[in-house]
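S.K.: need a structure here:
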Amino acid sequence: MNQYQEFTKRLLLLVTPVIASCVLASSPSKAATFAFSQGKANFTNFSQSPSGVGTNTDTNTLTIAKDGMVTALADANATFVVAPPSASNSSLSIALGKGRDYLGLAESEATVIGFFDVGANTNFSFNFNANLNLQTKIDNPPAENARAAGDISFALLDTNNNSILDFFSVVGNLTTEGDDDFIAVQKSDNVTLKNQDINFNFGGKQEFATASFDGSLQRYFGNQTNFALIEVKQNRATVKAPEPSTSLALILCGGVIGVVLSRRKPTAVLWFVRNKG
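M.R.: Numbers count the residues shown, from 1 in each chain. All right, here's what the predicted structure looks like:
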């Protein structure tokens with residue numbers, strides 16, 4: 001289990017969006033807010049069974065209400081079956097608030113990991129589907145703030161030299177009311193997307209962004225290789241009143257997700273849209 005946790009931590013350093021801290025400012029206005037963030041992923045039709053598997057889930061909620069009502073809910077599930085091999089996980093974060101002065105935060109995370117040992121001249125493959133759903137709503141800007149952020153990422157990690165062999169990632173953010181709205185997707189060459197459906201509505205007091213993918217990964221190994229398939233999803237929902245004096249920022253750290261923002265590898269970026277305000 002320690003081995004599973006160590007490799008999971010390494011991938012998290014590459015694919016984890018970080019929510020920055022913020023300061024609440026005073027405001028006499030009433031507020032009603034809603035934030036929803038959900039992610040799901042499934043892996044099937046593995047060409048071979050893993051030599052070992054692991055899963056991990058984590059949730060966190062925080063509610064503070066000085067003059068109002070606030071609720072936060074977080075849930076996460078993960079499973080990896082060895083024979084016949086299949087894996088799935090999901091995470092959900094919801095926050096709702098009403099009143100003059102409150103803070104609600106929900107965070108959820110789900111991870112699956114499978115270790116594989118392939119011989120020389122071997123083809124490795126699996127199918128996958130992934131879904132990301134973000135929604136926000138406010139009633140009385142600018143006295144309120146709702147934010148939904150989420151990401152789904154998987155990678156093949158060479159366990160001998162800790163290098164990433166292949167990857168897929170979708171990350172999104174909604175900030176209502178604000179201009180930090182985007183959804184971005186990227187993949188490596190050995191990942192094929194058979195179907196993809198991306199929809200969004202940025203701007204105004206109610207926003208949403210949804211992304212759905214069906215795809216597969218196929219990779220040829222010329223030499224004997226030990227690698228891990230690691231998939232991590234994270235979802236965050238935040239509601240606040242009064243409006244924060246400093247907006248929360250979604251920080252896309254280096255590695256897999258960082259490439260999307262910096263566009264250092266433009267051929268890997270499939271889709272990127274940002275609200276221009």
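S.K.: quickly list what the closest residue to Phe208 other than its chain neighbours is bridged to.
M.R.: Spatial nearest neighbour of Phe208, excluding adjacent residues (CB to CB, 6 or more residues apart in numbering): Gln135 at 4.7 Å. Yep, even glycine has a C-beta here, placed from its N, CA and C like the rest. On the basis of DSSP bridges, Gln135 is bridged to Phe36, Phe208.
S.K.: can you show me the helices along the stretch 1-150 of the chain?
M.R.: For the stretch 1-150 of the chain, the helices defined by DSSP state H, counting those that start in this stretch occupy 2-15.
S.K.: now do the buried residues in the top strand by length along the chain.
M.R.: Within the chain, and with DSSP state E defining each element, the longest strand by residue count is strand 86-118. The neighbour-count check on strand 86-118 (16 or more other CB atoms under 10 Å) flags 86-116, 118 as buried.
S.K.: please apply the same query to stretch 64-73.
M.R.: Under the neighbour-count criterion of 16+ other CB under 10 Å, stretch 64-73 has Ala65, Gly68, Val70, Thr71, Ala72, Leu73 buried.
S.K.: got it, and stretch 216-227?
M.R.: Leu217, Arg219, Phe221, Thr225, Phe227.
S.K.: before we move on, the earlier item: and the furthest pair within the buried residues of stretch 64-73?
M.R.: Gly68 and Leu73 (17.2 Å; CB to CB).
S.K.: going along the chain, name the strands of this structure.
M.R.: Using DSSP E, strands in the chain cover 17-19, 31-44, 52-81, 86-118, 122-138, 145-158, 163-176, 182-187, 191-201, 206-221, 225-241, 250-252, 269-274.
S.K.: give me the mean pLDDT for the longest one.
M.R.: Okay, so that is strand 86-118. For strand 86-118, the mean pLDDT works out to 96.
S.K.: mind giving me the packing neighbours of it?
M.R.: Applying 3 or more CB pairs under 8 Å, 6 or more residues apart in numbering; DSSP states H and E, one finds that strand 86-118 contacts helix 2-15, strand 31-44, strand 52-81, strand 145-158, strand 225-241.
S.K.: isn't Gly119 up against Gln224?
M.R.: Yes. Contact criterion CB atoms under 8 Å: Gly119 and Gln224 qualify, at 5.4 Å.
S.K.: and Ala110, what are its bridge partners?
M.R.: Bridge pairing for Ala110 - DSSP bridges - gives Thr57, Lys233.
S.K.: who's in contact with it?
M.R.: Contacts for Ala110 were tallied using CB atoms under 8 Å, 6 or more residues apart in numbering; they are Gly39, Thr55, Asn56, Thr57, Ala76, Asn77, Ala78, Asn89, Ser90, Ser91, Val232, Lys233.
S.K.: which among these gets closest to Asn161?
M.R.: Looking across the contacts of Ala110 and measuring by CB to CB, the closest to Asn161 is Val232, at 20.5 Å.
S.K.: quick check: closest non-adjacent residue to the closest one.
M.R.: Nearest non-adjacent residue to Val232 (CB to CB, 6+ apart): Thr111, at 4.9 Å.
S.K.: repeat that for Phe128.
M.R.: Phe43 (4.9 Å).
S.K.: count of neighbours near Phe200?
M.R.: 18 (other CB atoms under 10 Å).
S.K.: could you do the one 3 residues further on as well?
M.R.: Using other CB under 10 Å, Gly203 has 15 other residues around it.
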